[in-house]
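Visitor: I need the structure of the sequence given here:
(one chain, ligands or ions: 3)
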Amino acid sequence: MASNSHGAEDCKSYLEDGFSAHELFNKGYSYTYDDVIFHPNHIDFATEAVDLTTYLTRNIVLRTPCLSSPMDTVTESSMAAAMAALGGIGFIHYNNLPHEQADLVKKAKSQRVGFVRDPFCLLPTDSIHKIDDLKERQGFLCALVTESGTVGSKLLGIVTNRDLDFVADRYTQVSEVMTPDIVTAPAGCSLEEATQILIDNKVKYLPLVSENDGSVMELLFRDDVKRIKQSPPLGSPSLGPDGKILVGAAIGTRESDKERLRLLVDAGVNAVILDSSQGDSIYQRDMLGYAKRAFPQLDVIAGNVVTANQARNLISAGADALRVGMGSGSICTTQEVCAVGRGQATAVYKVASVAKESGVPIIADGGISNSGHIVKALALGASTVMMGSFLAGTEESPGDYFIQDGKRLKKYRGMGSLEAMAKGSDTRYLGDKSKLKIAQGVSGVVADKGSVLRLIPYTMHAVKQGFQDLGVSSLQAAHNNCKSGVLRLEARTGAAQVEGGVHGLVSYEKKRF
Ligand SMILES: NC(=O)C1=CN([C@@H]2O[C@H](COP(=O)(O)OP(=O)(O)OC[C@H]3O[C@@H](n4cnc5c(N)ncnc54)[C@H](O)[C@@H]3O)[C@@H](O)[C@H]2O)C=CC1
Ligand SMILES: O=c1[nH]c(=O)c2[nH+]cn([C@@H]3O[C@H](COP(=O)(O)O)[C@@H](O)[C@H]3O)c2[nH]1
Ligand SMILES: [K+]
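Guide: Numbering: from 1, shown residues only. Ligands and ions are numbered 1, 2, ... in the order given. Okay, the predicted model is just below:
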């Protein structure tokens, strides 16, 4: 990794203005990202020269410092596959049965970016009324008609809006309106090959079909091809030693999580998170010890923590990375309910300062709502950022879109919300509904954000511009500057925060890119 941080002698001129992180974060306040602002530094390189290569754990390197959170409205196989394609990594949630979670890991590892693996399929005898229903709830592009009405079965035809528009009887069978002669591509062909077939034949939808038995395996959308071509390049994917994409998963600290862990390892998981709001516990210590003994090659991320002491305890227990954040998440109510937590900027700085001494990377988890927050987290010592709400509502997040007041929305909920816990306890605790449940999160909705394959490349370009403004071309350089005091910052007053946002306009539209 490139390093262009300034040496101790160079520091003097910087020290005249603003504060070092050490000074600012020892004043007795709990600061979060919006409370602080960095001073710009001298620029002597182009934005493109910024390299955000980083460590997820002691042993795993990522090209993009972005992680998707193990939440049931954020990360299942599509999100995990997309995050890895972007050079980051996704962590599959565990609000499901152990074998279901292991299957999601396997599915993510076999998913190919650009292709849809579970397109909407219908039986030839289904009525088009079924499509009308779907259209009303979440929109409709096309349906594949197959012998058994599922993927992996012989393709018989395709139905698109054009086939449906003027059919008066909505109980007509799809076999009567479908287009039976379809341009297809052989299953397993590359994205480039499939794209060429799609372009040459001027089609909007291209099913990939097995040459042996004509069964449909994947679908390529023209719009997805256009989007991938128009977005900044994806860069190198995150690949493991087996040549497959990196996929992470979360587990709990109960006895039953040991069997879950074994299934995940068998499925090829590359790193696991011990998922807890308060990681400095005997339960997490025991599980860390068990996991490292049973699977010495597996990287285990512990947390969450927000203090130096919590960090020291988990590092001494063998953590390969620490997840930082308590109550900072957009759906979190922990600070209200339990009176514990910390402003996220202070938490990241304090934990990173301790973890750095042991070579343990930290993950800034929660509270990221724009690229500036990512710059702040990384510059204050985080090696990666984990996001929930920022990625919820994208095409790759689990759940269907629905239309409300003319807006396209998706559900997003905290894993400590009553709704998520109700589902979790049905599966995780084998139907034990007797436990008292206190919510530490809420359930809500977020706007459609399009695809992460577009959102993250643009966001990371903005992060690189932030690094350029700070005069640092790598994460290592940023961390060095934070430690040496070359990074200068200040707390913003309420008025300064208002000034830093859009203000004084009657109305405006905020387009991110
Ligand atoms: N980052 C944050 O600020 C927060 C995150 N969350 C999320 O909500 C979900 C649930 O979090 P938690 O409630 O902290 O889950 P948790 O499973 O760690 O803790 C739930 C309760 O079970 C207890 N427990 C854990 N292992 C045990 C064992 N082996 N034996 C006996 N008791 C045990 C814990 O002490 C706690 O009282 C997670 O996905 C977490 O990430 C929830 C609140 C805050
Ligand atoms: O207090 C909480 N109650 C919850 O129900 C909950 N669910 C998730 N999380 C944590 O929030 C992170 C995601 O935060 P963002 O939406 O701000 O990215 C996640 O990565 C988690 O650390 C929760 N915290
Ligand atoms: K919160």
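
Visitor: of all of the stretch 101-250 of the chain, which residue lies closest to ligand 1?
Guide: In the stretch 101-250 of the chain, no residue comes nearer to ligand 1 than Ala250, which is 6.8 Å away by C-beta to the nearest ligand atom. Bear in mind the C-beta positions are built from the backbone N, C-alpha and C, glycine included.

Visitor: got the contact list for the nearest residue to Gly366 once chain neighbours are set aside?
Guide: Distances taken as C-beta to C-beta, 6 or more residues apart in numbering place Gly329 nearest to Gly366, at 3.6 Å, with adjacent residues excluded. Counting by C-beta atoms under 8 Å, 6 or more residues apart in numbering, Gly329 makes contact with 365-367, 388-389, 414, 441.

Visitor: who are the neighbours in contact with the residue most central in space within the chain?
Guide: Most central in the chain under C-alpha atoms, centre = their mean is Ser68, positioned 2.0 Å from the mean C-alpha point. Taking C-beta under 8 Å, 6+ apart as the criterion, Ser68 is in contact with 74-75, 79-80, 83, 88-91, 386-388, 391, 452.

Visitor: follow-up on the earlier one: who does the residue of the stretch 101-250 of the chain closest to ligand 1 bridge with?
Guide: Ala250 forms beta bridges with Ile273, as assigned by DSSP bridges.

Visitor: that one is in contact with Asp275, isn't it?
Guide: Yes - the pair Ala250 / Asp275 is scored as a contact, 4.0 Å apart, by C-beta atoms under 8 Å.

Visitor: need the residues touching each of these two.
Guide: 70, 94.

Visitor: ok, back up a step: who wins for neighbours among the contacts of Gly329?
Guide: Comparing the contacts of Gly329 by number of neighbours (other C-beta atoms under 10 Å), Asp365 comes first, having 29 neighbours.

Visitor: distance check, it against Leu219.
Guide: Separation of Asp365 from Leu219 (C-beta to C-beta, to the nearest Å) stands at 34 Å.

Visitor: what about stretch 151-163, distance to the chain center?
Guide: 32 Å (C-alpha atoms, centre = their mean, to the nearest Å).

Visitor: how long is it end to end?
Guide: Using C-alpha to C-alpha, to the nearest Å, the end-to-end distance of stretch 151-163 comes to 21 Å.

Visitor: and what of stretch 251-269?
Guide: Stretch 251-269 end-to-end distance (C-alpha to C-alpha) = 12 Å.

Visitor: if we can go back for a sec, the residue nearest to Gly366: which element?
Guide: Following DSSP states H and E, one finds Gly329 outside all helices and strands.

Visitor: any idea how far it lies from ligand 1?
Guide: 6 Å (C-beta to the nearest ligand atom, to the nearest Å).

Visitor: go on, Gln404?
Guide: 26 Å.

Visitor: same deal with Tyr29?
Guide: Tyr29 is 19 Å from ligand 1, by C-beta to the nearest ligand atom.

Visitor: and that residue, how far from Gly366?
Guide: 19 Å.

Visitor: and what of Leu208?
Guide: 38 Å.

Visitor: show me the contacts for Trp141.
Guide: Wrong residue type there; residue 141 is Leu, not Trp. Contacts for Leu141 were tallied using C-beta under 8 Å, 6+ apart; they are 160-161, 205, 221.

Visitor: same thing but 10 Å
Guide: 116, 119-120, 135, 160-161, 204-205, 219, 221, 223 (C-beta atoms under 10 Å, 6 or more residues apart in numbering).

Visitor: what pLDDT is listed against it?
Guide: Per-residue confidence at Leu141 stands at 77 (pLDDT).

Visitor: also the one 3 residues further on?
Guide: Turning to Leu144, the model gives it a pLDDT of 92.

Visitor: single out the residue in the stretch 151-300 of the chain that lies closest to ligand 2.
Guide: Counting by C-beta to the nearest ligand atom, the stretch 151-300 of the chain gets nearest ligand 2 through Ser277, at 5.9 Å.

Visitor: for that residue, what are phi and psi?
Guide: In terms of degrees, to the nearest 10, the main-chain angles of Ser277 are phi -70, psi -30.

Visitor: tell me the SS of the closest residue to the residue nearest to the centre of the chain other than its chain neighbours?
Guide: Closest residue in space to Ser68, ignoring its immediate chain neighbours: Gly90 at 4.1 Å, by C-beta to C-beta, 6+ apart. When classified by DSSP: H, G, I helix; E, B strand; the rest coil, Gly90 comes out as strand.

Visitor: my guess is Gly90 meets Leu67, correct?
Guide: Yes - using C-beta atoms under 10 Å, Gly90 is in contact with Leu67, at 7.0 Å.

Visitor: joint contacts of these two?
Guide: Joint contacts of Gly90 and Leu67 (C-beta under 10 Å, 6+ apart) are 75, 83, 248, 386, 391.

Visitor: which helix of this protein spans the most residues?
Guide: Longest helix of the chain, by residue count under DSSP state H: helix 452-470.

Visitor: could you dump it to PDB, C-alpha only?
Guide: Provided in PDB are the C-alpha atoms of helix 452-470 (Å, rounded to 0.1, in the frame of the first residue of the first chain):
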ATOM      1  CA  VAL A 452     -25.200  -1.400  -5.400                       C
ATOM      2  CA  LEU A 453     -23.200  -2.000  -8.500                       C
ATOM      3  CA  ARG A 454     -23.800   1.700  -9.300                       C
ATOM      4  CA  LEU A 455     -24.200   3.100  -5.800                       C
ATOM      5  CA  ILE A 456     -20.800   1.900  -4.400                       C
ATOM      6  CA  PRO A 457     -18.500   2.800  -7.300                       C
ATOM      7  CA  TYR A 458     -19.900   6.400  -7.300                       C
ATOM      8  CA  THR A 459     -19.600   6.500  -3.500                       C
ATOM      9  CA  MET A 460     -16.100   5.200  -3.500                       C
ATOM     10  CA  HIS A 461     -15.100   7.800  -6.100                       C
ATOM     11  CA  ALA A 462     -16.400  10.500  -3.700                       C
ATOM     12  CA  VAL A 463     -14.400   8.900  -0.900                       C
ATOM     13  CA  LYS A 464     -11.300   9.100  -3.000                       C
ATOM     14  CA  GLN A 465     -12.000  12.800  -3.600                       C
ATOM     15  CA  GLY A 466     -12.200  13.200   0.200                       C
ATOM     16  CA  PHE A 467      -8.900  11.400   0.600                       C
ATOM     17  CA  GLN A 468      -7.300  13.700  -2.000                       C
ATOM     18  CA  ASP A 469      -8.600  16.800  -0.200                       C
ATOM     19  CA  LEU A 470      -7.000  15.400   3.000                       C
END
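
Visitor: helices of the stretch 151-300 of the chain, start to end?
Guide: Counting by DSSP state H, counting those that start in this stretch, the stretch 151-300 of the chain has helices at residues 161-164, 174-177, 191-200, 222-230, 257-266, 282-294.

Visitor: switch these over to CSV; also include distance to ligand 2.
Guide: CSV is the format used below for the helices of the stretch 151-300 of the chain (distance: least, C-beta to the nearest ligand atom, whole Å):
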stretch, distance to ligand 2
helix 161-164, 35
helix 174-177, 40
helix 191-200, 30
helix 222-230, 24
helix 257-266, 17
helix 282-294, 14
